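# Sequence first, predicted model second:
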Amino acid sequence: MDTNNHSSILYSFFEPFYRLFRPVFLPLAVILIATAILNMHEAWLYAVAWKKLHKLFPNPWRVSAKKFLDAKASRKFKAAYNFPGVYIIKNKTRRMGYVGQGVKILDRVSSHFSGNGNKEIYDDFKKRHRFVIKLISLEGSGYKSLNELERYNIAKYNSYVKGYNKTRGNA
């Protein structure tokens, strides 16, 4: 068999499918291309946001409470990085941790240091204990909900038994 014969066999095999699906092929191709372009744009926006965040902090997802609160005062910072996720607040002085969640994570974390969150954390913060904050975005975490991600991290950091958490996570 020569090459032309192979292509004619393939054509004769696929031709009925092509005729059947031709009306949906072009719109489907347009949708796939548009989706790819939107995903590339979203990835570009994420990369730009990551660069901006990296300029503020050398390790953007793990910062001291002071640096966090200083940066959080910026409206641009708040607008760009107030994402849904889970946070880990570690008290380096007492070697304790707290795991929480928030739809607007920056607002939620800062509430602990202003007296509107966990009272023990606030009391330790007023006593000038050293804190480190780690942020984990729900997007890309592999978990379907904030509750699942929070429960996993409470167990991982043992913050229910040896930390500030009063429960093992939301139901």
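Done, it's in.

# Can you give me the domain assignment for this protein?
Annotated domains of the chain cover 1-56, 60-157 [automatic domain parsing].

# where does this structure dip in pLDDT?
The chain contains residues with pLDDT under 70 at 1-32, 34, 38-39, 41-62, 73, 75-80, 171.

# could you pull out the strands for it?
62-64, 85-91, 96-102, 131-137 (DSSP state E).

# Touching, S64 and V132? I think so.
Yes. Using Cβ atoms under 8 Å as the test, S64 is close enough to V132 to be in contact (6.0 Å). Every residue, glycine included, has its C-beta placed from N, CA and C.

# between these two, which one's more packed in?
V132 (17 against 14; other Cβ atoms under 10 Å).

# In contact with that one: list those residues for me.
The contact partners of V132, taken as Cβ atoms under 8 Å, 6 or more residues apart in numbering, are R62, V63, S64, A65, I89, K90, K92.

# Most neighbours among those residues, which one?
I89 (26 neighbours).

# For that residue, which non-adjacent residue is spatially closest?
Counting by Cβ to Cβ, 6 or more residues apart in numbering, Y98 is the residue found nearest to I89 once chain neighbours are left out, at 4.5 Å.

# Distance of that neighbour relative to S111?
As judged by Cβ to Cβ, to the nearest Å, Y98 and S111 stand 12 Å apart.

# and what of E150?
The gap separating E150 from S111 is 16 Å, by Cβ to Cβ.

# For the residue nearest to R130 when sequence neighbours are not counted, what are phi and psi?
Nearest residue to R130 in three dimensions, chain neighbours excluded: K92, at 4.1 Å (Cβ to Cβ, 6+ apart). As for K92, its main-chain torsions (degrees, to the nearest 10) stand at phi -70, psi -30.

# same question, the one 3 residues further on
As for R95, its main-chain torsions (degrees, to the nearest 10) stand at phi 60, psi 50.

# Check the burial of V99 by counting its neighbours.
For V99, using other Cβ under 10 Å, the count is 28.

# How about the contacts made by it?
V86, Y87, I88, I89, E150, N153, I154, Y157, S159, G163, N165, G169.

# do that again at 7 Å, thanks
Contact analysis of V99 by Cβ atoms under 7 Å, 6 or more residues apart in numbering lists V86, I88, E150, N153, I154, Y157, S159, N165.
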